[in-house]
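[1] Requesting a structural model of the entry that follows:
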Amino acid sequence: MVANLVRKDFLLVKKMAAAFLAVSILVPIILMVNAAQMAGIEIISCLYMVILTEILFMQSVATEEEKSPKAVALLCAAPYSRKSYIIARYLCYLIFYGASLAIYSVIAAVYPRFNFLNVTEALTVFLISTVLYGIYTPIMIKYGATKGQLVISAAILLVSMGPTFLVRLFHPDLHHIIEFLQGSSNLMTAIVVGISGVVIFTLSMILSIRIFSRKEL
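    Residues are numbered from 1 along each chain as shown. The predicted structure is shown next:
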């Protein structure tokens, strides 16, 4: 039944499929052109792909559902539970994460200025994007798509500020951290980053389920 809910979400926004694909392809290329010399540009490019496509997708789905406010209530009344509804949203996130990695890999294969991500880098993208998605989703579920637009505006603002400025703003040593991740093949590092991402993903999903189970539809 969860698979049907995932399919429902994609059908709601199928008219925006071209926009999602354009963001996935153009964002890493634009970043590479504008900041090709910056260490870790591959990680940042893939991260931007995941964050922007997923937030745009979630916001689009929420907006479409708010056009028929009673549809979600009827959907969760029978035969789907509220828990299944939330699980489907988080499965959509995993699908977009996987799709973003695949698209990035295709771009890296045909565009010589891109390098493929190693396992630790891919898991780092998962961890960071999961933190942001894990904050955004409970807020969107609790307050709706209208207030969720504030998150969209903030994401667009961050993108427009440019990756180089963001690196300097959030962590002066991030340059060295990214270099470490690029050169790291340490299995323990990958395991720690991966487990951290899974834990945050699970906690966010549990929180979202609790919020939605108490929400009046």
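
[2] For the rest of this, base every contact and every neighbour count on C-alpha atoms.
    OK.

[3] can you tell me the helix or strand for S100?
    Using DSSP states H and E, S100 maps to helix 82-110.

[4] meant to ask about M49
    Counting by DSSP H and E, M49 is part of helix 41-66.

[5] Buried residues, that helix. List them.
    Residues of helix 41-66 classed as buried by neighbour count (16 or more other Cα atoms under 10 Å): 41-63, 65.

[6] and what of stretch 200-217?
    200-201, 204-206, 208-209, 212.

[7] Please convert those residues to CSV, extending it with distance to Y104.
    Output for those, formatted as CSV (distance: Cα to Cα, whole Å):
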residue, distance to Y104
I200, 24
F201, 22
S204, 26
M205, 26
I206, 30
S208, 29
I209, 31
F212, 34
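
[8] Now flag whichever of the residues you listed is closest to P112.
    Of all the buried residues of stretch 200-217, P112 sits closest to F201, with 33.3 Å by Cα to Cα.

[9] And that closest one, how far from Y143?
    20 Å (Cα to Cα, to the nearest Å).

[10] With I103 instead?
    Counting by Cα to Cα, the separation of I103 from Y143 is 32 Å.

[11] V2 now?
    According to Cα to Cα, V2 stands 23 Å off from Y143.

[12] Comparing these two, which shows the higher neighbour count?
    V2 (17 against 12; other Cα atoms under 10 Å).

[13] per-residue pLDDT, that one?
    Turning to V2, the model gives it a pLDDT of 76.

[14] Next: Y80.
    69.

[15] and the residue nearest to V119 when sequence neighbours are not counted, how many neighbours?
    With sequence-adjacent residues excluded and distances taken as Cα to Cα, 6 or more residues apart in numbering, V119 is closest to A190, at 6.8 Å. Applying other Cα under 10 Å, we find 20 residues neighbouring A190.

[16] tell me the SS of A190?
    Following DSSP: H, G, I helix; E, B strand; the rest coil, we place A190 in the helix state.

[17] My guess is it contacts L123. True?
    Yes: counting by Cα atoms under 8 Å, A190 does reach L123; the two are 6.9 Å apart.

[18] I141 sits in which helix or strand?
    Going by DSSP H and E, I141 is part of helix 119-143.

[19] Run through the residues that contact I43.
    Contacts for I43 (Cα atoms under 8 Å, 6 or more residues apart in numbering) come out as 117, 121-122, 124-125.
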